[in-house]
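Student: structure of the sequence below:
(2 chains)
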Amino acid sequence: EPEVTQTPSHQVTQMGQEVILRCVPISNHLYFYWYRQILGQKVEFLVSFYNNEISEKSEIFDDQFSVERPDGSNFTLKIRSTKLEDSAMYFCASSAGTGVPYNEQFFGPGTRLTVL
Amino acid sequence: RKEVEQDPGPFNVPEGATVAFNCTYSNSASQSFFWYRQDCRKEPKLLMSVYSSGNEDGRFTAQLNRASQYISLLIRDSKLSDSATYLCVVNMYSGGGADGLTFGKGTHLIIQP
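Tutor: Numbering: from 1, shown residues only, chains lettered A, B, ... in the order given. Take a look at the predicted model:
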């Protein structure tokens, strides 16, 4: 069964450093998303991406964050200057965008980001 | 964004019992509804979409009440492997493909042997 993959599984970084989290969405899916989950809290939407541009973003997704689809398979989330409060699990998700149901989102296993 | 509310539990239920969860959502314009399950420190896994007419998948039945803005999940003949956190999830906007999902905090279910 096709699945979303993410690398690395765990990233440790120093405050102020840049990190890039990588995702490979399901191959025929058209919509891509990033979410985060701070330990013990609910999953929160960050951004959605379609047709090589951001479709929607939450208030969490400020200028420190950016997303990119550098090639035909990868989808990345960059955090430019990490803060302690960026420590969380970051999940990538994708959805087909066509067919029925078109908007079911499937999640990758996540990258645990620890900012020291 | 408005909220999705769930009873956090935990619900402690003996194996074989039937258990039901509800959640409420605040935006009456919401279009799409889902139940996900999440095991400890793992990703949310889609359990089922929830349709207006209600839908069933094996031991799981989901219902949507648009007038009261709540969604329910019923698990029959519960198994030990059903122990997890169940997330009520709503697409608050148009239901289009690019919309982010709004998650509840989840209801923690523990099935006891």
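Student: and the residue nearest the centre of chain A, helix, strand or coil?
Tutor: The centroid of chain A falls nearest to residue A:34 when counting by Cα atoms, centre = their mean (2.9 Å). Residue A:34 falls in the strand class when you classify it by DSSP: H, G, I helix; E, B strand; the rest coil.
Student: give me every residue that touches it.
Tutor: A:21, A:23, A:46-47, A:67, A:77, A:90-93 (Cβ atoms under 8 Å, 6 or more residues apart in numbering or on different chains). Using the backbone N, CA and C atoms, a C-beta is placed for each residue, glycine as well.
Student: and what of residue B:89?
Tutor: B:4, B:33-36, B:44, B:101-104.
Student: just checking: what are the partner strands of the host helix or strand of it?
Tutor: In the assignment (DSSP states H and E), residue B:89 maps to strand B:84-91. In the sheet, strand B:84-91 lines up against strand B:32-38 (antiparallel), strand B:102-103 (antiparallel), strand B:107-112 (antiparallel) (DSSP bridges).
Student: gap between the last one and the chain center?
Tutor: Read it as strand B:107-112. A distance of 13 Å separates the centroid of the chain from that of strand B:107-112, by Cα atoms, centre = their mean, to the nearest Å.
Student: in the chain, where is pLDDT below threshold?
Tutor: Chain wasn't specified; assuming chain A. Across chain A, the ranges flagged by pLDDT under 70 are A:98-102.
Student: to clarify, I was referring to chain B.
Tutor: Using pLDDT under 70, chain B drops low at B:1-2, B:93-97.
Student: how about the residues of it near chain A?
Tutor: Within chain B, the positions adjacent to chain A are B:1, B:32, B:34, B:38, B:41-46, B:49, B:87, B:91, B:93, B:95-106 by Cβ under 8 Å from any Cβ of the partner chain.
Student: buried ones among the residues you listed?
Tutor: Burial by neighbour count, judged by 16 or more other Cβ atoms under 10 Å in any protein chain shown, picks out B:32, B:34, B:38, B:43-44, B:46, B:49, B:87, B:91, B:93, B:96-106 from the residues of chain B next to chain A.
Student: show me the strands in chain A, by range?
Tutor: Ranges of strands in chain A, per DSSP state E, are A:5-7, A:10-13, A:19-24, A:31-37, A:44-50, A:53-57, A:65-68, A:75-79, A:88-95, A:106-107, A:111-115.
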